[in-house]
Structure formats: structure tokens, C-alpha cells
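Asker: I'd like to go over a predicted model; first the sequence, then the structure.
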Amino acid sequence: MDTHTTPLIEYLESLGYKVELNNGDSVAKNYDNTNEAMNSLYDGIGLRNISHSGILELRGNDSVEFIHRIATNDVKNLPKEGIAETIFTTEKGRIIDYTTLLNFESHQLLITSADFRNKIVSWLNKYIITDDVKVAVTEKKYYIFELLGPQAESFATLICGNIANQIQPNTFKIIHTEGMLFFLAKIKDIKGRIKFWTISDEDNARRLTKYIVDNKGIFNFNFIGEDVYNSYRIEQGIPATPYELNDEVNPHEAGLMDAVSSLKGCYIGQEVIARLETYDKVQKLLSGVEFTEPPLPESIFVLLDNEGKEAGNVTSYVNSLKFKKYIGLAYIRKNFLEPDMKLIAKDQFHRTLPVEVKSLPFKK
């Protein structure tokens, strides 16, 4: 979805929005407000444009049942205005993508990662045989903004009125206020915290964004670019595609079992995922690492112990904006997961750096 020249993007650029095109999608890298934005994520409210996500529209009488049958979560009885997070996995129980399903009754939206949108479309079409399901990749039809931070609920009430308080977690409602029309979704995220999405067309997204800026009041509010969010998500231990979520790991390892139903029966990959839990076969888990020296950019690290035995691999790292040190996420074998255990990170050029294992989320 190339939104670079839309009025919404032009308005955001006037506020300091720095746009980059990634596979044709407009991605907000930063807003020239790095320190203020990070402070808002921890102590206030941040607004992040996630319209570059994959936004698939599902239509047909069998759509919800179809998703229920092939993905990990129980969505068979997902009510109108209900939301469920579910994972698509391969036959071997490996992650294809972590997605969010919203039920509008007449149709559904499936929100995927930007990285694996096309893979999900191919996966869905592979299994649609006689089902009444039509999958469409939307282009410039829906715009999604994410409100996150400890003041998210209070801020949503300021913008939308008391209806924001009445919305239950993992549901959404239509909002008509100040001449604007949009959907407000209240979502419990991977870490169990509440965040909000606004979903609308481009014109309402632009007007809503301007309304938020004009009426933020005393709230600690800032726009959140992807550079700032990437630091925040690593600090909080939030896995993301294609780094932590890909077809080399399973939901157990990624800590995503809340999006996996153990009661609903078969889905693609179910037997492998169930066996891993039943027989305690999960070998590695997502954890944190702290670098004691700055790593070189674009290094790919394998983790070793002092005897040269492989302990895991680093998936993401960043010079943390909050903690002012280099930290990362890594899949580490369970026998190396003692806090502060010292390991060696070896890159693709055989350069080595000392690291320490840290629990998630990171703390000072």
C-alpha cells in the first residue's frame, strides 16, 4: 500500500514524519522526537501508524470456520465485533505468521505482518477448496493507528467518550464523533497489556489524527516511529517478524501459547505443537541478552558457551533508547537460561563479543 502522496501522509510529514518505502508500503521510521516518544511509551501515550501491516478482507459464509480449522486459536464462535489473535503454523508446527482476526459479521479483517502478508495469502488459498471464502488484499481501503502506553485507556476516553470504557478487551465498536467515523478496537497484547486500534478510511484517519493532536491536552502524547518502537519492543521482549517469528520456531519457543487453543482439536501443526508440550520437548525459549561491548551493525550472532558449545542465536539487537546499552532478543537453549549467565556471541566473520543472559522484559 503506497501511501506516500496521500493527504494523511502529507499531514504526518508536516508533523515530522519521516517516511520510507518498504516493498511499496509507507513506513514511519521516526518523527524527530526519539526521547519524548520513548518516554510516552513508558509513562504516557503513543500513536503509531501500523497501516503498513497486511490487511486482508475475508468474505463468505465459511470464513470464520475456515480460520478456526487451519489456525491455532479457537475462533469458531467469535462473536460480531469480536477480536482474536491466532497463529498460522506449518505441518511441523513452525510459525508462518502471528495474526489478529476481527469479525464484522458481514466480513472479517485478518491483520498480518507486513513481512509475511503474501505468504499468508498463499497459505489461505492453498487450503480453500470448496469453502465459501474469498480473500482480498486491501489497497488504501483501511488505515490502522495504534494507541499504546499506560495512559492509553484514559486517552481513548478523552477522544471517543465513555464508550471507550464500555468496550471489553478483544472487542471493537463503531465510533461516530465530531463528524468522524471509525472503529475503535480494544486489544490485549502479547504481554497482556491493553492497547487500542483505530480503523478507518484515509479521510477519517487524517481527520482523527489531527483531532488527536489538537485535543491531546495535558497527556504525555507523542507519535511513535518504527525506530523507537523497535527499541521498545526489544526492551519489552515482544517478538516480531521476520526476526523472532518465522518458520524456524514454534509458538512454545516464542512464548505465544496464549494464542493457541489446547481444547479445540485439529488444526495445521496441532499434533507437533501438542507433542512438544506433552513430552517436554521444547528445547529453547525467547530470552534477552545484554552486550558488554557494542556490536558492529548487521552482525549475525550465534551464541556459544565457554567450551564452544552452541547455546542459541541472537535474533534482534538495538542500542536501547531507554537503558542506553546494547541489548537483544535471542532463542537460547533451556540449559543456558540462568540469569546473568555469560555467553559468547560469534558473528558471521568469527568476531566474538561477551554477552549476558537477561530475563524479559529488560530492567535497569
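Answerer: Cool, got the structure. Numbers count the residues shown, from 1 in each chain.
Asker: right, and Ile144 touches Trp197 too?
Answerer: Yes - the criterion here is Cβ atoms under 8 Å, and Ile144 meets it with Trp197 at 5.5 Å. For every residue, glycine as well, the C-beta is placed using N, CA and C.
Asker: quick check: neighbours shared by these two?
Answerer: By Cβ atoms under 8 Å, 6 or more residues apart in numbering, Ile144 and Trp197 have these common neighbours: Ile50.
Asker: list the contacts for Val75?
Answerer: So Val75 contacts 64, 67-68, 84, 86, 101 (Cβ under 8 Å, 6+ apart).
Asker: hmm, I typed the wrong one, I wanted Ile95.
Answerer: Shown in contact with Ile95 (Cβ under 8 Å, 6+ apart): 87-89, 245-247, 249-251, 254, 256.
Asker: ok, now how distant is Phe301 from Arg333?
Answerer: Phe301 sits 15 Å away from Arg333, going by Cβ to Cβ, to the nearest Å.
Asker: name the residue in these two with the higher neighbour count.
Answerer: Phe301 (25 against 16; other Cβ atoms under 10 Å).
Asker: just checking, the more buried one touches Lys346?
Answerer: Yes - between Phe301 and Lys346 there is a contact at 6.6 Å, judged by Cβ under 8 Å.
Asker: and the helices in the stretch 151-300 of the chain, which stretches?
Answerer: Assigned by DSSP state H, counting those that start in this stretch, the helices in the stretch 151-300 of the chain fall at 152-160, 163-166, 202-214, 226-236, 251-254, 270-278.
Asker: give me the contact list for the second one.
Answerer: So the one you mean is helix 163-166. By Cβ under 8 Å, 6+ apart, helix 163-166 touches 153, 156-157, 173, 175, 184, 186, 196.
Asker: if you set the cut-off to 6 Å instead, what comes out?
Answerer: 156-157 (Cβ atoms under 6 Å, 6 or more residues apart in numbering).
Asker: let me see the mean pLDDT of it.
Answerer: On average, the pLDDT along helix 163-166 is 91.
Asker: do stretch 181-197 as well
Answerer: On average, stretch 181-197 scores 95.
Asker: can you tell me the closest non-neighbouring residue to the spatially most central residue of the chain?
Answerer: Centroid-nearest residue in the chain: Ala240, 5.9 Å away (criterion: Cα atoms, centre = their mean). Excluding the flanking residues, the one nearest Ala240 by Cβ to Cβ, 6 or more residues apart in numbering is Arg233, at 6.1 Å.
Asker: alright, I will stop here.
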